[in-house]
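Visitor: Okay, structure incoming, though there's no sequence with it:
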C-alpha cells in the first residue's frame, strides 16, 4: 500500500515532536533549579533573621546595634550578589542548551525546506505541481524571514544574558 505522506515527512514530524518535548523538559529543569535556589535562599534568610532576632543587643548600647545592622547589611549584599550569580548561571546554562538544540534541529537534513518540498513534488498528486511550486516560493521567503528572526532573537538573548551577568 502506498502512503500519501512521505516517510521523510513522518520522521521529520516525529523529530519535531521529540524536540519540542526535549525543550520543554530543559525549560522545566531550569525552572526546578530556580525554584530550588529560591527555596534555599528563603530558608537561609529565615534562619539569619531568627538568629538576629534572638541576639541580645538592647543592653549593649547603640554602637552594638549599629554594628549588628552594618554586618547584616554587608551579609545581605553578598547574599544578593551570590543569588543573582546563581540565577545568571541557571539562565545561561538553560539558554546554552536551547541554542544547542536549535542548532541541531536546523542542521538536520529533514529540516531543510527545499529538500522537503522536492520530496513532496516527487510524491505530489497529479495536477498538484502548481500548488507545490506556490508553496516552494512562499516557504522560501518565510524560511529566510525565520532565519533572520532566529538570528535576531539569538543576538538579543545573548545580549540580555551578558547584561544580567555584568550587573550581578
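Guide: Cool, the structure landed. Given the structure is predicted, the values throughout are model-derived calculations rather than measurements. Numbering: from 1, shown residues only.

Visitor: By mean pLDDT, point me to the weakest helix or strand of the protein.
Guide: helix 113-122 (a mean of 61; mean pLDDT, DSSP states H and E).

Visitor: Go through stretch 36-51 and flag the buried ones.
Guide: Neighbour-count burial for stretch 36-51 flags 37, 41 (criterion: 16 or more other Cβ atoms under 10 Å). The C-beta positions use only the backbone N, C-alpha and C, and glycine is treated the same way.

Visitor: meant to ask about stretch 19-36
Guide: 19, 23, 26, 30, 33.

Visitor: Tell me where the model's unsure across the chain.
Guide: 1-6, 8, 56-59, 105-147, 149-150, 161, 164-165, 167-168 (pLDDT under 70).

Visitor: quick one, helices of it?
Guide: 7-53, 62-107, 113-122, 129-167 (DSSP state H).

Visitor: name the helices or strands packed onto the longest one?
Guide: In terms of contact count using 3 or more Cβ pairs under 8 Å, 6 or more residues apart in numbering; DSSP states H and E, helix 7-53 is assigned the packing partners helix 62-107, helix 113-122.

Visitor: Any chance of these in JSON lines with distance to residue 39 and mean neighbour count as columns?
Guide: Formatted as JSON lines, these follow (distance: least, Cβ to Cβ, whole Å; neighbours: other Cβ atoms under 10 Å):
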{"stretch": "helix 62-107", "distance to residue 39": "12", "mean neighbour count": "13"}
{"stretch": "helix 113-122", "distance to residue 39": "45", "mean neighbour count": "15"}
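
Visitor: Those helices: which one's closest to residue 15?
Guide: helix 62-107 (7.7 Å; Cβ to Cβ).

Visitor: Could you list every helix and strand in contact with that closest one?
Guide: Counting by 3+ Cβ pairs under 8 Å, 6+ apart, helix 62-107 packs on helix 7-53, helix 129-167.

Visitor: thinking again about what came up before, next, format the buried residues of stretch 19-36 as CSV and append distance to residue 101.
Guide: Shown next, in CSV, are these (distance: Cβ to Cβ, whole Å):
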residue, distance to residue 101
19, 6
23, 6
26, 7
30, 13
33, 17
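
Visitor: Nothing else from me, thank you.
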